[in-house]
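**Student:** return atomic coordinates for the entry below.
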Amino acid sequence: MYCIQETDKPQFIFKIFNIIKLVDNKIILPITGDEILSSSKIQKLAQKTEKILKQTVSKKLVLSKKIKKQKEYVEILKNDGFEIVEGKWLFEVLSCKVLDYMIKRKKLKKKDLSISILVNDLTENMLAIIRQIVKEYKRVNIITKYMEKFKRIEEQILEEDGIMITVGNNKKKGLAKSEIILNVDFSSKLLSEYNICEDALIINIRENVVITKKRFNGITINNYDITFKNFDDYDYDIMTKYKACEIYEANINKKQPFYEIMKKIKSDQVEIKKLMGKNAIY
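**Tutor:** Sure, this is the predicted structure:
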């Protein structure tokens, strides 16, 4: 894994000749990150970045908060096959912690809540997360277009865990009374087809979603950050220029079983630090 960041005070000669520094696993561009760069300069920086990266075996990159704003530069790296860590995979894994955090902030009671999970793509991790959620919440409702597949999951959870959930896809009534909606993979367009509780809390896991309904007065969460044990051991640049959730995700082996991932998260004392909604931080 390599980190790419700006420099606070780029030397003049470095800026003119687009000289990129490699310090340990950090690639430092000769820009402050705030300036508007010409397309030709972006192309040169991207080419030089890739030249450095081709000498390594890593295709995984974490970008600083300011470098992310250089959209053309980011797109070039993506198009050339580099994985830009964005924290969304970890966001999904931490779904239960995210729910707990927001419920505490809103001073809600789990036993009184109805939770809806919007999901079409059922991965092994997501199935494990659903099992976690149904053990903690009294009423869980799954909304999906793949009714047959999820009906089998409904039967499996009832048989193995003795817990009843509901599976459906009623666009008028399915979400009308859900105070909390965990949106795994519904797009803005798809979600707009459903009648949503106007005061609902919606947590969008895999992609950012905008709610355009005029009567919606609830909370939409699209982003987050975390704290974890020994984060203070990282150097100043990592702690200030990057999001902790992306640094942490980049260091996880995603191919290991879900229970091993959760064991590591527990050992590392990973906790939600903040959730970011539209014009608000919680």
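**Student:** does Asn251 touch Met1 like I think?
**Tutor:** Yes - the pair Asn251 and Met1 passes the contact test of CB atoms under 8 Å, sitting 6.7 Å apart. Any C-beta I mention is one placed from the backbone N, CA and C, and that applies to glycine too.
**Student:** low-confidence ranges, the stretch 51-200 of the chain, go.
**Tutor:** Within the stretch 51-200 of the chain, not a single segment meets pLDDT under 70.
**Student:** can you give me the helices in it?
**Tutor:** 71-79, 88-93, 95-105, 124-136, 147-161, 188-191 (DSSP state H, counting those that start in this stretch).
**Student:** name the strands paired with the helix or strand following the last one and say parallel or antiparallel.
**Tutor:** Toward the C-terminal end, the helix or strand that comes next after helix 188-191 (DSSP states H and E) is strand 201-204. In the sheet containing strand 201-204, the strands it pairs with under DSSP bridges are strand 180-183 (parallel), strand 219-227 (parallel).
**Student:** what does strand 201-204 contact?
**Tutor:** For strand 201-204, the external contacting residues (CB atoms under 8 Å, 6 or more residues apart in numbering) are 95, 98-99, 102, 106, 179-183, 196, 209, 211, 218-222, 275.
**Student:** now it - C-alpha only, CSV.
**Tutor:** Provided in CSV are the C-alpha atoms of strand 201-204 (Å, rounded to 0.1, in the frame of the first residue of the first chain):
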residue,chain,number,x,y,z
LEU,A,201,-32.3,8.0,9.3
ILE,A,202,-30.7,6.6,6.1
ILE,A,203,-27.2,5.2,6.1
ASN,A,204,-25.7,4.7,2.7
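**Student:** go through that strand and flag the buried ones.
**Tutor:** Leu201, Ile202, Ile203, Asn204 (16 or more other CB atoms under 10 Å).
**Student:** got the residues you listed as a markdown table, with pLDDT and distance to Asp80 columns?
**Tutor:** Shown next, in a markdown table, are these (pLDDT from 0 to 100; distance: CB to CB, whole Å):
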| residue | pLDDT | distance to Asp80 |
| --- | --- | --- |
| Leu201 | 95 | 38 |
| Ile202 | 96 | 34 |
| Ile203 | 97 | 32 |
| Asn204 | 97 | 28 |
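**Student:** for Lys264, state which of the residues you listed is nearest.
**Tutor:** Closest approach to Lys264 among those (CB to CB): Ile203, at 22.7 Å.
**Student:** related to what we said a few turns ago, so which of Asn251 and Met1 has more stuff around it?
**Tutor:** Taking other CB atoms under 10 Å, Asn251 and Met1 do not tie; Met1 has more neighbours (16 against 13).
**Student:** can you tell me how far that one is from Phe186?
**Tutor:** Met1 is 30 Å from Phe186, where distance means CB to CB, to the nearest Å.
**Student:** excluding chain neighbours, what is closest to Asn18?
**Tutor:** Closest residue to Asn18 apart from its sequence neighbours, by CB to CB, 6 or more residues apart in numbering: Lys44 at 4.8 Å.
**Student:** any idea which helix or strand carries that neighbour?
**Tutor:** Using DSSP H and E, Lys44 sits within helix 39-53.
**Student:** pick out the residue nearest the middle of this structure.
**Tutor:** Central residue of the chain (CA atoms, centre = their mean): Lys88, 2.2 Å from the mean position.
**Student:** show me what contacts the residue lying closest to it once chain neighbours are set aside?
**Tutor:** Spatially, and ignoring its direct neighbours in sequence, Lys88 is nearest to Arg206 (5.6 Å; CB to CB, 6+ apart). When contacts are counted by CB under 8 Å, 6+ apart, Arg206 touches Lys88, Phe91, Glu92, Val184, Asp185.
**Student:** nearest to Gln5 among the buried residues of strand 201-204?
**Tutor:** Set against Gln5, the nearest of the buried residues of strand 201-204 by CB to CB is Asn204 (27.2 Å).
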